[in-house]
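*Asks:* I need the structure of the sequence given here:
(chains A, B and C)
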Amino acid sequence: MEDLIRRYGTGLTAVFCLLVAFWILVLVILPNFAMFEQSFRPYLPVVDIGGPKDVFTMGNYEKILANPVETSWFGIPITIPIHISTFVDTVFFSALVTLMTLILAYPLAYFLAKVANPRSIPTLLLLLFIPMWVSEALRAFAWYIILTFNGPLNALLKALGIIDQGVRWQNGVVTSYDAIVIVLTYCYVLFMLFPIYTAITSLDTNQIEAAEDLGSPWWRTHWRVVIPHAKPGIASGCVMVFMLSAGSLLVPTVVGSTKANWFPQTIYTWFNDALDWNTGAAYSMIFLLVCILFVIVMMRVFKVKLSDIAK
Amino acid sequence: MSRNRAILGQLYFALFILYLLVPLAVMAGAAFNDSKLPTIAPWKGFTWTWFRELWADQTMWGAFLNSILVALAVVALAVPIGTAAAILLNSISGKVRATLYGFMVAPVLAPGLVIGISTVLFWNQLGRSVGADDFFLFGRGLHLSTLGQVSYISAYVMLLVLARLQSFDPGLEEAALDLGANHGQVLRRILLPHLYPAIAASAAIAFFQSMENFNVTLFTKANETTLTVYVFSQVRSGITPKINALAFLLILLTLALALVYEVNRRRRARIEAVREAEARRAEEAMLL
Amino acid sequence: MSAGIDLENVCCDFGTFRAVDNANVSIKPGEFFSFLGPSGCGKTTILRMVSGFIEPTQGAIKIGGKDMRGSRPNQRPTALIFQNLALFPLMPIWENISFGLEVRGVDKATRRKKAEDLLKLVDLPGAADKMVSQLSGGQKQRVAIARALAVEPSVMLLDEPLSALDLKLRQHMRAELRAIQKRTGVTFIYITHDQGEALAMSDRVGVMSQGRIQQIAAPRDIYDNPVNGFVASFVGENNIFEGDISPVADGMASLSGPHGNFRARILPDAQGKALKLYVRPEHTKLSKTAAAENSVEMEVTEVAFEGAFISVHGLASGGKRIQAEVKNDGVTQAPAVGEKVFATFDAARALLLPDANVRG
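*Replies:* A predicted model of the protein is given here:
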């Protein structure tokens, strides 16, 4: 703080502090606190707010345990509350998306960082950036067109003679979440690519050459030299992709089948259709807690700090 | 061995680009297909119909205008906030810095819907506690969308400006102070000019992030609509290739911007190379 | 226009570390004064205190007789030239030079004129519209000097400005700096760890170690009459002998130790302290026979040809290393490796000195 005043004077320092305080307090901390507090209050008409019925309650959280349904996981039939089922599916398939983006992005990140001609890198990166600038809604829409029953994918496969009947991709072939997983992977793969690319760029190429010179096969070089170095980038990419996937409302709504429910859709229903903001807040809290848990697990697994994860 | 690897890498890169671009090409292509459904598979002939329909769509234009207004407001708020935060972080250290940094990047990691819901609840509660429930500023609307977006887009600005600050030599500030400049002059003539590339880049990123924001906007908006929300609602409720026409135009715009950026980058790299060569020549001339 | 600087009992603490301990210097107007010492000796701290970036913990700094306490860097009549020069990379050269005038509200035409005049002064005409990245190291140096001169400072403070240049350019810029200083008459305070630089350019030099000023004197005196072992060693090479002191007369004393009995000069205030004998290699002669006094036998272990002279290293009894220089005058013969010779020196050229002046 003294350093700040010495460099910029008291007036400017005060301006900087006020701007930051507005951001951190009014836009971040207080809203989250409000959500936390409201999630423990019942949903009431405006006249009753602050009245005798406005008491602290766990009621909103208990709603997630209502409505048991029969479903099956990996062929094992099981009866669980519908929202829990949605929640578990969301977390599981988001993790799957994270894994798939990792598998797709790692080789490319390595190629860009260590194999490709350094002079062409800015152009190659720009080429990758272009799809990212196209809105997520449109990218999801593009896949909606491709996967639709009378769409180009079925037409192509039929023309090639691979299938003779159209496939209802959006209903799913393996699970009802197929389309969601495919499109989320497509939408977020670049969020995995760039952090890993940045991390591998900072690895001294001599280390890779030294490993190979010592007789290490390519896979061992990656396992023992490149991947350990790229860990912060991998962690960062995993957190970003998981958060974006699990929090996506757009993709599941656009390409998902009626049988594939995504947790944000559940929250949106409480919030917008039932107008029960308090239960919406409670579900958001649960969702937020799982997200924080995921970040902590990632930090533990990859042994990195928060500042490594956020860019 | 390493030649093979390079070829394999290039092949993979090409496939990857194809994977990224083909869906976009399919979508753009469907804009010209004379079919009621957005598709390219049964090609029913070339048409400009969908562009004409798009042009006539008042809702789309209203949504477009809303998106731009929100994006401009977000830039106007997030850029000063993020820049101030970066300068602040750059001059402090230790536990305070780590804590502040944590609070600043948390909204980037937080899901958009959480930001949206918490923003709505907070301003609503604030409105109730000052007894102005019905005053429009405390209810849902695009102003809350703006604030919600600012809460995480400021962090992008902060990260970009902070990265640029790493390459700043604080000695330049001291030199300016020593030459008699006051703190305001130091900021305006020395620090900000150094940060301008990062500030400009972050303003562009803030603008596009806001334009394409969906989650925060969906939860915070009232009856107005933004472009992304409009596309979403169109896709949901029976769709015509009008959207494809819109997508085609947006992709074209993106390509144009990318081209301008690339040409500009190459020109600047060339100028810098010429300057450095001149400095080297001057160095050699002096030693002769 | 130029002003004198007085440091009166100046101390500077960083936490428990005392960076500058009780510095007293009086620098005359128009003088070229250097602070010389190894890194961490406190010389940069002194410079930053004079320029106003740090306030002294104790004592007073006066510029032109005026106490500077509480006045900020932009209020002091000083201009600092930074180690890395700190030229503003985004401004063309002329804006760099006239920045100090710009912030004082001088109009553009006057600024431009002043910048061009100064570029002539530092022998860089026609560079006004170039960018910093277009200049060589030496040219940047001149721009930094011009920028500092533009605000017409009474005192110029230079923080090792030549350290980034390569050897040949550095020697060229020494003469240049000295010439500019003479032309402008501004007081220069120069910080360096390079004794050659300090001795070649300065009117007077202050040698520092561990926060204390060890000696303030003209370059010649620093080299020929150092007040302690630290100064003697920092500005040049020495052969050092230890032993017990017994005073003789007329500022001379004798030292008897394991390598023999020697006679050397002793300073009046050094009486009674622990002393060692210091003699420079160029004052150490080699001969086949022992001299009447101050003579040590040694076996030559290394003969290194240095161009202007030949450096001869040898070992005396007990593994004592001795170094001598033989002039390359085409007459004197250097001994061969393995030869036994006598190293001798003139008593008037040898000094009995205490170690450095440090806090006990």
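*Asks:* near chain B, which residues of the stretch 201-311 of chain A? Just list them.
*Replies:* A:239-240, A:243, A:246-250, A:253-254, A:264, A:267-268, A:271-272, A:277, A:280-281, A:284, A:287-288, A:291, A:295, A:306-307, A:309-311 (Cβ under 8 Å from any Cβ of the partner chain). C-beta here means a position set from N, CA and C on the backbone, and glycine is covered the same way.
*Asks:* tell me which helix or strand comes right after the helix or strand hosting B:W61.
*Replies:* Element membership for B:W61, per DSSP states H and E: helix B:58-91. Towards the C-terminus, the helix or strand next in line after helix B:58-91, according to DSSP H and E, is helix B:94-109.
*Asks:* summarise which helices and strands that following helix is packed against.
*Replies:* Counting contacts by 3 or more Cβ pairs under 8 Å, 6 or more residues apart in numbering or on different chains; DSSP states H and E, helix B:94-109 is packed against helix A:227-246, helix A:306-309, helix B:58-91, helix B:142-166.
*Asks:* buried residues in the first one?
*Replies:* Pointing back at helix A:227-246 there. Within helix A:227-246, the residues scored as buried using 16 or more other Cβ atoms under 10 Å in any protein chain shown are A:227, A:229-246.
*Asks:* just these that are near chain C?
*Replies:* Among the buried residues of helix A:227-246, no residue lies close to chain C (Cβ under 8 Å from any Cβ).
*Asks:* how about stretch B:22-40, does it reach chain A?
*Replies:* Yes. On the criterion Cβ under 8 Å from any Cβ, stretch B:22-40 is in touch with chain A at B:P23, B:L24, B:V26, B:M27, B:A30, B:L37, B:P38, B:T39, B:I40.
*Asks:* roughly how far is that stretch from the heart of the chain?
*Replies:* Computed by Cα atoms, centre = their mean, to the nearest Å, the separation of stretch B:22-40 from the middle of its chain amounts to 27 Å.
*Asks:* tell me the mean pLDDT over it?
*Replies:* Stretch B:22-40 carries an average pLDDT of 83.
*Asks:* where are the low-confidence patches of the chain?
*Replies:* Went with chain A since none was named. For chain A, applying pLDDT under 70 flags the ranges A:1, A:46-48, A:73-74, A:307-311.
*Asks:* that's the wrong chain, I meant chain C
*Replies:* Within chain C, the segments meeting pLDDT under 70 span C:1, C:359-360.
*Asks:* again, only this time at 80
*Replies:* Within chain C, the stretches with pLDDT under 80 are C:1, C:164-165, C:247-249, C:268-273, C:332, C:356-360.
*Asks:* which of the helices and strands packed on helix B:94-109 has the lowest average pLDDT?
*Replies:* For the helices and strands packed on helix B:94-109, the bottom mean pLDDT is recorded on helix A:306-309, which sits at a mean of 68.
*Asks:* the longest helix along chain B near chain C at all?
*Replies:* Scanning chain B for the longest helix, with DSSP state H as the assignment, gives helix B:242-287. Yes. In terms of Cβ under 8 Å from any Cβ, part of helix B:242-287 sits within range of chain C, namely B:E272, B:R275, B:E276, B:E278, B:A279, B:R280, B:A282, B:E283, B:A285, B:M286, B:L287.
*Asks:* out of those, the closest to C:L119 would be?
*Replies:* Of all the residues of helix B:242-287 next to chain C, C:L119 sits closest to B:A282, with 14.3 Å by Cβ to Cβ.
*Asks:* just the buried ones from the residues of the stretch 201-311 of chain A next to chain B?
*Replies:* By the neighbour-count criterion of 16+ other Cβ under 10 Å, those include these buried positions: A:239-240, A:243, A:246-250, A:253-254, A:264, A:267-268, A:271, A:277, A:280-281, A:284, A:287-288, A:291, A:295, A:306, A:309-311.
*Asks:* what's the longest helix of chain B packed up against?
*Replies:* Based on contacts counted as 3+ Cβ pairs under 8 Å, 6+ apart, the elements that helix B:242-287 packs against are helix A:121-133, helix A:136-147, helix B:2-30, helix B:49-56, helix B:227-236, helix C:137-150, helix C:167-184.
*Asks:* buried sites along the third one?
*Replies:* What that stands for is helix B:2-30. Of the residues in helix B:2-30, B:9, B:12-13, B:16-17, B:20, B:23-24, B:26-30 count as buried by neighbour count, 16+ other Cβ under 10 Å.
*Asks:* residue 85: which element?
*Replies:* Using chain A. Mapping A:S85 onto the secondary structure by DSSP H and E places it in helix A:82-110.
*Asks:* tell me the gap between that helix and the middle of its chain.
*Replies:* The offset between the C-alpha centroid of helix A:82-110 and the centroid of the whole chain comes to 8 Å, using Cα atoms, centre = their mean.
*Asks:* stretch B:72-91 now?
*Replies:* The chain centroid and the centroid of stretch B:72-91 are separated by 14 Å, computed with Cα atoms, centre = their mean.
*Asks:* need the residues that contact it.
*Replies:* A:1, A:3-4, A:7-8, A:15-17, A:19-20, A:22-23, B:97, B:100-101, B:104, B:146-147, B:149-150, B:153-162, B:165, B:191, B:195, B:199, B:202-203, B:206-207, B:209-210 (Cβ atoms under 8 Å, 6 or more residues apart in numbering or on different chains).
*Asks:* show me which residues of that stretch are buried.
*Replies:* Within stretch B:72-91, the residues scored as buried using 16+ other Cβ under 10 Å are B:73-75, B:77-91.
*Asks:* cool, stretch A:152-162 as well?
*Replies:* By 16+ other Cβ under 10 Å, the buried positions in stretch A:152-162 come out as A:P152, A:L153, A:N154.
*Asks:* cool, and stretch B:37-51?
*Replies:* Quick answer for stretch B:37-51 (16+ other Cβ under 10 Å): B:L37, B:P38, B:T39, B:I40, B:A41, B:T49, B:W50, B:F51.
*Asks:* those: which two are farthest apart?
*Replies:* B:A41 and B:F51 (20.8 Å).
*Asks:* so A:A14 sits in a helix?
*Replies:* Yes. The secondary structure assignment for A:A14 places it in a helix, going by DSSP: H, G, I helix; E, B strand; the rest coil.
*Asks:* ok now stretch B:263-272, how far from the chain's centre?
*Replies:* With Cα atoms, centre = their mean, you get 23 Å for stretch B:263-272.
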